[in-house]
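Asker: Have a look; sequence and predicted model below, questions after that.
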Amino acid sequence: MRRSHTRARVKTKPDNSTMDPVKFQIRSSNRSSSSSSIYTLTKSNSKHAKSNLFLTVASIATVLGFLFVCYSIASSGGRGSLRYSVVIDGGSTGTRIHVFGYRIESGKPVFEFRGANYASLKLHPGLSAYAEDPEGASAALRELVEFAKGRVPRGMWVETEVRLMATAGMRLLEVSVQEKILGVVRRVLGSSGFLFRDEWASVISGFIGVSRRTRRSDDGVRRSFLRQRNEQELTQNVDAAAAAGSDEGVYAWVVANFALGSLGGDPIKTTGIVELGGASAQVTFVSSEPMPSEFSRTVSFGNVSYSLYSHSFLHFGQNAAHEKLWGSLVSRDRNSAVEPTLEGKHADPCAPKGYNLDTITQKHLSGFLAEESKLASSFQAVGNYSLCRSAALSILQEGNDKCSYKHCSIGSTFTPKLQGRFLATENFFYTSKFFGLGEKSWLSNMISAGERFCGEDWSKLRVKDPSLEEEDLLRYCFSSAYIVSLLHDTLGVPLDDERVGFANQAGDDIPLDWALGAFILQTEASTSQHASSSHLHWFYALFGIDSQTLLYFIGVPILMTVLVCLISKWRKPQLKTIYDLEKGRYIVSRIR
Ligand SMILES: Nc1nc2c(ncn2[C@@H]2O[C@H](COP(=O)(O)OP(=O)(O)OP(=O)(O)O)[C@@H](O)[C@H]2O)c(=O)[nH]1
Ligand SMILES: [Ca+2]
């Protein structure tokens, strides 16, 4: 500190030490005082000052960096944020809504199909039942939307995507009728409050994504799908011309292997799916056999590519095939394996004796067939399992003579030899459960169960199962024969083959519903697209841990260090070092 009357003269001592304090000599100008106390005030050590400055800047930078990490993780949907997605399955017998909750961890979606993270509701009948009155579909759709709104926090509706994907039931309608019903769907979902685009309501006709090599110009639906998909994650070699509905099979294969933990692993260790729906049946599995491109699907998941055979056999779902049986009895086409009765009635071997078939056949036989059956005569239930199985085989082999491949399985369609393990779902599961079949030898046991059921009097069957709808109970005779004829007589599955099991859930009780597979692929693709474009993916790649852990492992030590430094800086006594020329030594004293 300099007094007003003093004159300061700067004298620097030759620097022969590493420490090089700048020294000021302050001489009092007042002659009177004999001993001018000469102080050399070493300015606080410049290094000390510099380190203070550095510490302060470093602390600020670190805190800002940490805050950036927090912000980035929060904005990229750090661990804590639950997200939602809605998929509506427009099936032939009913419309089912699925509400999914999921988290993002290390830029990847984490799926849990249970508890608050999954809910579904199915309403009957299916969308295709509104062919004559498309507007009639709006009430059921609104009810499904309300169900979803009850499970997604209101604040999240606007960012929750809702998609409707219709399957075989709608595929069977004229395109103009499909569009009328989809128009009603788009209006209801567009005003639902969820995130929706018109192209997200569609009849799934086979395109999830197309690898660059085979991208084809196609309708808006596919182009919009491509826009949403990260093609690196999810590519498909698809021949636009012929893929009919195999999305459904691929999605079902995805959820099954996700549930079994084999999705993303060795293709040989994956499990095939054979589904028996109402209007269509799907067969999807990893096949090493060369196959025509219209059946070949390449689905990439993670860094593994799966070369799949996948096809949806329209009209070969259980309910559709059953109607074909009645049609063949009425038209007595050459394939019908069953002769009419002596009175000229249509003998139905797939209906237990005593069942009155006229109502159900009038309800399901469309157009001229219904008229003809009314005119010609009525049906007679003759309950005979082996005749029913032969009639089922005739239906499955219809069109075989038009086969244009090296061999055909169902109709005139190519199917490679089944490879590996399979899960048989939907009606395979429901009918096995109804007959109380165990996993072991279920297919051969299906024969004996069907023989007993079809051969029983209807009145006795009604007494055994009074709660079931008559139509549902009746179907079990045809179903037991159709299942054996499809898997064994047509696809060549040995009757005692342990590789084929029936199920409608797998893994952690995850429903084997293709809509879950669609959600998994869609979310995986859009999340990885988001992660690679966000500024955090290098974190996850570098640390390979989730954002929460990142926060703990990096954030907390940084904060602790900064706090300790700031406290120590604040607590550290400010020292003043004075060099007393007369005494020839430094004097350190505390400022505060
Ligand atoms: N026995 C029985 N059959 C069922 C049950 N639930 C569904 N099904 C039948 O299982 C088949 C497939 O079920 P879903 O996929 O839900 O039916 P869907 O989607 O309307 O039919 P598709 O459009 O062909 O897939 C249909 O034939 C249904 O009638 C059930 O609880 N019991
Ligand atoms: Ca279905």
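Answerer: On my side now, so go ahead. Ligands and ions are numbered 1, 2, ... in the order given.
Asker: residues contacting the residue in the chain that ligand 1 sits nearest to?
Answerer: With Cβ to the nearest ligand atom as the measure, the residue in the chain that lies nearest ligand 1 is Gly91; the distance is 2.1 Å. The C-beta positions use only the backbone N, C-alpha and C, and glycine is treated the same way. Under the criterion of Cβ atoms under 8 Å, 6 or more residues apart in numbering, the contact list for Gly91 reads 126, 166-169, 277-278.
Asker: make it 7 Å
Answerer: Counting by Cβ atoms under 7 Å, 6 or more residues apart in numbering, Gly91 makes contact with 126, 167, 169, 278.
Asker: ranking the residues you listed by neighbours, who comes first?
Answerer: Neighbour counts for the contacts of Gly91 peak at Thr167, which has 30 neighbours (criterion: other Cβ atoms under 10 Å).
Asker: Hmm, it is touching Gly249, no?
Answerer: No: the pair Thr167 and Gly249 fails to qualify as a contact (Cβ atoms under 7 Å) at a distance of 10.4 Å.
Asker: Do you have the strands of the stretch 351-500 of the chain handy? List them.
Answerer: Under the criterion DSSP state E, counting those that start in this stretch, the stretch 351-500 of the chain carries strands at the ranges 379-381, 422-426, 500-502.
Asker: how about those strands in JSON lines, adding distance to ligand 2 and mean pLDDT?
Answerer: Below are the strands of the stretch 351-500 of the chain laid out as JSON lines (distance: least, Cβ to the ion, whole Å; pLDDT from 0 to 100):
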{"stretch": "strand 379-381", "distance to ligand 2": "28", "mean pLDDT": "92"}
{"stretch": "strand 422-426", "distance to ligand 2": "7", "mean pLDDT": "98"}
{"stretch": "strand 500-502", "distance to ligand 2": "16", "mean pLDDT": "97"}
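Asker: Could you identify which of those is most buried?
Answerer: Relative to the other members of those, strand 422-426 carries the highest mean neighbour count by mean count of other Cβ atoms under 10 Å, namely a mean of 25.
Asker: measure the residue in the chain that ligand 2 sits nearest to to Ala506 for me?
Answerer: With Cβ to the ion, the shortest gap between the chain and ligand 2 falls at Gly91, namely 3.9 Å. When distances are taken as Cβ to Cβ, to the nearest Å, Gly91 and Ala506 turn out to be 20 Å apart.
Asker: which regions of the stretch 1-150 of the chain sit below the pLDDT cut-off?
Answerer: Along the stretch 1-150 of the chain, segments meeting pLDDT under 70 span 1-49, 51, 59, 62-63, 65-80.
Asker: and the strand or helix carrying Thr284, anywhere near ligand 2?
Answerer: Here Thr284 sits within strand 280-286, counting by DSSP states H and E. No: contact check for strand 280-286 against ligand 2, using Cβ under 5 Å from the ion: none in range, with a minimum separation of 7.9 Å.
Asker: What helices and strands are in contact with the helix or strand just after that strand?
Answerer: Tracing the chain past strand 280-286, the next element assigned as helix or strand by DSSP H and E is strand 296-301. Using 3 or more Cβ pairs under 7 Å, 6 or more residues apart in numbering; DSSP states H and E as the contact criterion, the secondary-structure elements in contact with strand 296-301 are helix 246-260, strand 304-314.
Asker: would you turn the contacts of Gly91 into JSON lines with distance to Thr413 and secondary structure?
Answerer: Formatted as JSON lines, these follow (distance: Cβ to Cβ, whole Å; DSSP: H, G, I helix; E, B strand; the rest coil):
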{"residue": "Gly126", "distance to Thr413": "24", "secondary structure": "coil"}
{"residue": "Thr167", "distance to Thr413": "17", "secondary structure": "coil"}
{"residue": "Gly169", "distance to Thr413": "20", "secondary structure": "helix"}
{"residue": "Gly278", "distance to Thr413": "19", "secondary structure": "coil"}
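Asker: Dump those residues to TSV, plus distance to ligand 1.
Answerer: Listed next are the contacts of Gly91 as TSV, based on distance: Cβ to the nearest ligand atom, whole Å:
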residue	distance to ligand 1
Gly126	5
Thr167	4
Gly169	5
Gly278	3
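Asker: could those be laid out in CSV, adding distance to Leu443?
Answerer: Formatted as CSV, the entries for these read as follows, by distance: Cβ to Cβ, whole Å:
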residue, distance to Leu443
Gly126, 29
Thr167, 26
Gly169, 28
Gly278, 21
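Asker: So for Glu524, which of the helices and strands packed on strand 296-301 sits nearest?
Answerer: Between Glu524 and the helices and strands packed on strand 296-301, the shortest separation by Cβ to Cβ is 9.3 Å, and it involves helix 246-260.
Asker: Contacts (any at all) between ligand 2 and that closest one?
Answerer: No: Helix 246-260 does not reach ligand 2 (Cβ under 5 Å from the ion); its nearest approach is 7.1 Å.
Asker: Look at Leu121 and tell me its secondary structure.
Answerer: Using DSSP: H, G, I helix; E, B strand; the rest coil, the secondary structure recorded for Leu121 is strand.
Asker: Helix or strand for the nearest residue to it once chain neighbours are set aside, just tell me which one.
Answerer: When the adjacent residues along the chain are set aside, Leu121 lies closest to Phe147, with 4.7 Å between them (Cβ to Cβ, 6 or more residues apart in numbering). Under the criterion of DSSP H and E, Phe147 resides in helix 137-149.
Asker: C-alpha coordinates for that helix, CSV please?
Answerer: Presented in CSV, the C-alpha positions along helix 137-149 are these (Å, rounded to 0.1, in the frame of the first residue of the first chain):
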residue,chain,number,x,y,z
ALA,A,137,-66.5,-48.0,-37.5
SER,A,138,-66.0,-44.6,-35.8
ALA,A,139,-67.8,-45.5,-32.5
ALA,A,140,-65.5,-48.4,-31.8
LEU,A,141,-62.4,-46.5,-32.9
ARG,A,142,-63.3,-43.6,-30.5
GLU,A,143,-63.7,-46.1,-27.7
LEU,A,144,-60.3,-47.5,-28.4
VAL,A,145,-58.8,-44.0,-28.5
GLU,A,146,-60.4,-43.3,-25.1
PHE,A,147,-58.8,-46.5,-23.8
ALA,A,148,-55.4,-45.3,-24.9
LYS,A,149,-55.9,-41.8,-23.5
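Asker: what sits up against it?
Answerer: Outside helix 137-149, the residues that touch it by Cβ under 7 Å, 6+ apart are 86, 88, 95, 97, 99, 121, 123, 127, 130, 157, 181, 184-185, 188, 192.
Asker: Now the buried members of the residues you listed.
Answerer: Listed as buried from the contacts of helix 137-149 are 86, 88, 95, 97, 99, 121, 127, 130, 157, 181, 184-185, 188, 192; burial here means 16 or more other Cβ atoms under 10 Å.
Asker: quick one: which of those residues sit in strands?
Answerer: Here DSSP state E is the test, and those give 86, 88, 95, 97, 99, 121 as lying in strands.
Asker: For the residue positioned nearest the centre of the chain, what are phi and psi?
Answerer: Nearest to the mean C-alpha position of the chain, by Cα atoms, centre = their mean, lies Ile520 at 1.5 Å. Main-chain dihedrals, Ile520, degrees, to the nearest 10: phi -60, psi -50.
Asker: what about Val162, distance to Asn400?
Answerer: Taking Cβ to Cβ as the measure, Val162 falls 42 Å from Asn400.
Asker: before we move on, the earlier item: farthest pair within the contacts of helix 137-149?
Answerer: Tyr130 and Trp157 (25.9 Å).
Asker: Endpoint to endpoint, stretch 133-140 covers what distance?
Answerer: Stretch 133-140 has its terminal residues 13 Å apart, counting by Cα to Cα, to the nearest Å.
Asker: buried set for it?
Answerer: 134, 137, 140.
Asker: what does the stretch 201-350 of the chain have sitting close to ligand 2?
Answerer: With Cβ under 5 Å from the ion as the criterion, the stretch 201-350 of the chain comes near ligand 2 at residues Gly277.
Asker: Could you list the contact residues of the stretch 201-350 of the chain toward ligand 1?
Answerer: If contact is defined as Cβ under 6 Å from any ligand atom, the residues of the stretch 201-350 of the chain in contact with ligand 1 are 277-280, 317-319.
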